[in-house]
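J.: Let me see the structure of the following:
(chains A, B and C)
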Amino acid sequence: MRNPDNSFFEDVYDVVRQIPKGRVTTYGAIARYLGTGMSARLVGWAMNASHGKNVPAQRVVNRNGLLTGKHHFPPGSSMKKLLEMDGLTVKKDQVQKFEEVFWNPEELSKGQY
DNA sequence: ACGGTGACCACTT
DNA sequence: TAAGTGGCCACCG
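T.: Take a look at the predicted model:
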């Protein structure tokens, strides 16, 4: 859940951490969930600061399912490999069956037992 | 306090 | 179909 006390970044991290295995989400989805509206840039920017945190940023892709931020990942950690480890299929930096594995943060409000 | 920046999104040529 | 431009909001110097 969102901690108003935390910064926007923490909110983003919290959401990303709750992404189920084998699922991915988009910047826009997170942004909208947090109420940032159309400013998905903030989410992407937040991910930029996710280095050193326990945040699976590889599960966060753009709305096209394209691994735009793969180039930003630390060397050695292949975003593609990480996603494949989750059971996803990545081809040419693009998540296959993206619509199937897409996970909407709104599910947290709905099915968070 | 102000401006620049950013792993985006959407619309328009 | 592809490329270009604007808008949007929060963090940093």
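J.: switch to C-alpha atoms for all contacts and neighbour counts from now on
T.: Noted.
J.: For chain A, list the residues in contact with DNA strand B, please.
T.: By C-alpha under 7 Å from any atom of the strand, the residues of chain A that approach DNA strand B are A:26-28, A:38-42, A:44-45, A:47-51, A:57-58, A:60-64, A:68-70, A:72-73.
J.: Of those, which are in range of DNA strand C?
T.: Answer for the residues of chain A next to DNA strand B near DNA strand C (C-alpha under 7 Å from any atom of the strand): A:38-42.
J.: Narrow these to those that are buried.
T.: A:40, A:42 (16 or more other C-alpha atoms under 10 Å).
J.: The ones next to DNA strand C among the residues of chain A next to DNA strand B into a markdown table, with extra columns for pLDDT and secondary structure?
T.: Listed next are those as a markdown table, based on pLDDT from 0 to 100; DSSP: H, G, I helix; E, B strand; the rest coil:
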| residue | pLDDT | secondary structure |
| --- | --- | --- |
| A:Met38 | 78 | coil |
| A:Ser39 | 85 | coil |
| A:Ala40 | 89 | helix |
| A:Arg41 | 90 | helix |
| A:Leu42 | 92 | helix |
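J.: This completes my enquiry, with thanks.
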